[in-house]
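Q: after the sequence you'll find the predicted model.
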Amino acid sequence: MPSIIGWDIGGAHLKAARLEGGRIVDVVQIASPLWLGLAELGRAFAAAKAALGPADFNVATMTAELSDVFADRTIGVAAIAEIASRELVSQKLLFYAGNFGFVGADAVAEKIEAIASANWHASAALAARHCQEALFVDMGSTTTDIIPIHAGQIAARGYSDAERMAYGELVYAGVVRSLLMAGVRLVPFAGRWVPLMNEWFAHASDVYRILGELPEGADHMQTADGQPKTIEASLARLARQIGHDAKDVSASALTQLARFFAEAQLREITDGAHLVLSHGRLEAEAPVVGAGVGRFVVRKLADRLARPYVDFDEMIPALPEVRQKAGDCAPASAVALLAAALG
């Protein structure tokens, strides 16, 4: 069986999963903030290839075309495909195109719309091979995908990001990069509802770090103020979001505020899930399948929905030491496994 590396090329991270002998044996995630320039992607590819080594075949999915470094998505898909073809040898590279399956580099121009931001489809397609009925939820650093699976098939109503947001199938809420000023307008603090400063002072990662819930190695981004990724520094950033210095308010009060932010984000995702479920296709006993680095939040979502929880990890043949990371980087793992199933 040939070795395969699955690639998930995002606008903030490059993720890759190496498949050998039918199981995932290594996974890497590298920051690649494309808003700083396309050179970031080249740097990330170099680091990933050094860590994973070469493979017989490479398969890729992407969301990086959404980066504002590109004038539009068509230009973005073409540019990302060109970079990937150069980095990974185009003769041994296939791109995931949703319902069309995998296509070669020479067919990318014909399948732009199917390739653009299709990484959610790959993960859901793999989950559908294991679950006849499920609500697949992948919460990552930036967004949450909420995909119904019915009769062993993806039952999403939307495909593009715009369509999926309208149907509740894509929620811009993640456990690392979400900006606190973007989620809510007023927060409870010191017995009053107070507005947030409309500035980039803190991320969701600060919230979950304060609460002790952020998984180790989940945060690959620079902090808003360039200060360390410690609880103390996160408390300072959270205080600044409501116009205070950390020294002027108690840590317990700021921790309570962090709980509110976490609750608000969970409510946003729960609203999306209820919208998806309102379409009426899934039975009440259909489980929530959780993927992504934010699976700890997805477990809470399953409780809110009164549904059993199944971890995407259980669907991935992987070495024990990389199983969790394979679930964190679900689309990269999924495209590798889907390609392997083609023989």
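A: Yes, it's here.
Q: every contact and neighbour count from this point should use C-alpha atoms.
A: OK.
Q: now do the strands in the stretch 1-150 of the chain.
A: For the stretch 1-150 of the chain, the strands defined by DSSP state E, counting those that start in this stretch cover 4-9, 13-20, 23-31, 57-62, 93-96, 102-104, 134-139, 144-150.
Q: give me the mean pLDDT for the second one.
A: Regarding strand 13-20, the rounded mean pLDDT is 98.
Q: what does the fourth one give?
A: Across strand 57-62, pLDDT averages out at 97.
Q: now do that strand and strand 13-20, the angle between them.
A: Angle of strand 57-62 versus strand 13-20, following axes from the mean of the first three to the mean of the last three CA atoms, to 10 degrees, is 150 degrees.
Q: which stretch among the strands of the stretch 1-150 of the chain comes nearest Arg295?
A: strand 134-139 (6.4 Å; CA to CA).
Q: mean confidence score for that closest one?
A: Averaging pLDDT along strand 134-139 gives 98.
Q: I'd like to know which elements it is packed against.
A: In this structure, strand 134-139 packs against helix 119-128, strand 144-150, strand 288-291, helix 295-304, with contacts taken as 3 or more CA pairs under 8 Å, 6 or more residues apart in numbering; DSSP states H and E.
Q: which one of the ones you listed lies closest to Gly280?
A: Comparing the helices and strands packed on strand 134-139 by CA to CA, strand 144-150 comes nearest, at 10.1 Å.
Q: angle of the closest one against helix 119-128?
A: Angle between the axes of strand 144-150 and helix 119-128 is 40 degrees (criterion: the same axes, to 10 degrees).
Q: now find how far off-centre strand 144-150 is within its chain.
A: Relative to the chain's own centre, strand 144-150 is displaced by 13 Å; criterion: CA atoms, centre = their mean, to the nearest Å.
Q: hmm, back to that, make JSON lines out of the strands of the stretch 1-150 of the chain and add distance to Glu169.
A: Shown next, in JSON lines, are the strands of the stretch 1-150 of the chain (distance: least, CA to CA, whole Å):
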{"stretch": "strand 4-9", "distance to Glu169": "19"}
{"stretch": "strand 13-20", "distance to Glu169": "21"}
{"stretch": "strand 23-31", "distance to Glu169": "24"}
{"stretch": "strand 57-62", "distance to Glu169": "18"}
{"stretch": "strand 93-96", "distance to Glu169": "20"}
{"stretch": "strand 102-104", "distance to Glu169": "23"}
{"stretch": "strand 134-139", "distance to Glu169": "9"}
{"stretch": "strand 144-150", "distance to Glu169": "5"}
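Q: tabulate these (a markdown table), appending mean neighbour count.
A: Conversion of the strands of the stretch 1-150 of the chain to a markdown table gives the following (neighbours: other CA atoms under 10 Å):
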| stretch | mean neighbour count |
| --- | --- |
| strand 4-9 | 29 |
| strand 13-20 | 26 |
| strand 23-31 | 21 |
| strand 57-62 | 26 |
| strand 93-96 | 26 |
| strand 102-104 | 19 |
| strand 134-139 | 30 |
| strand 144-150 | 27 |
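Q: who wins for proximity to Ala114 among the ones you listed?
A: strand 93-96 (8.2 Å).
Q: which one of the strands of the stretch 1-150 of the chain lies closest to Ala251?
A: strand 134-139 (27.8 Å).
Q: so which of the strands of the stretch 1-150 of the chain gets nearest Gly226?
A: Short answer: strand 23-31, nearest of the strands of the stretch 1-150 of the chain by CA to CA, at 15.5 Å.
Q: just the CA trace of that closest one, in CSV.
A: Extracted in CSV, the C-alpha atoms of strand 23-31 (Å, rounded to 0.1, in the frame of the first residue of the first chain):
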residue,chain,number,x,y,z
ARG,A,23,-3.2,4.2,9.2
ILE,A,24,-2.1,7.7,10.2
VAL,A,25,1.4,7.6,11.6
ASP,A,26,2.2,11.3,11.8
VAL,A,27,0.5,14.6,11.8
VAL,A,28,1.8,18.2,11.8
GLN,A,29,0.1,21.6,12.0
ILE,A,30,2.1,24.7,11.2
ALA,A,31,1.1,28.3,11.4
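Q: and it, what does it pack onto?
A: Under the contact definition 3+ CA pairs under 8 Å, 6+ apart, strand 23-31 sits against strand 13-20, helix 39-52, helix 323-328.
Q: now these in a markdown table, with distance to Leu277?
A: Below are these laid out as a markdown table (distance: least, CA to CA, whole Å):
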| stretch | distance to Leu277 |
| --- | --- |
| strand 13-20 | 30 |
| helix 39-52 | 37 |
| helix 323-328 | 24 |
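Q: wait, what's in contact with Val297?
A: 139, 266 (CA atoms under 8 Å, 6 or more residues apart in numbering).
Q: so for it, what's the pLDDT?
A: Looking at Val297, its pLDDT stands at 98.
Q: equivalent analysis for Arg281, please.
A: pLDDT, Arg281: 79.
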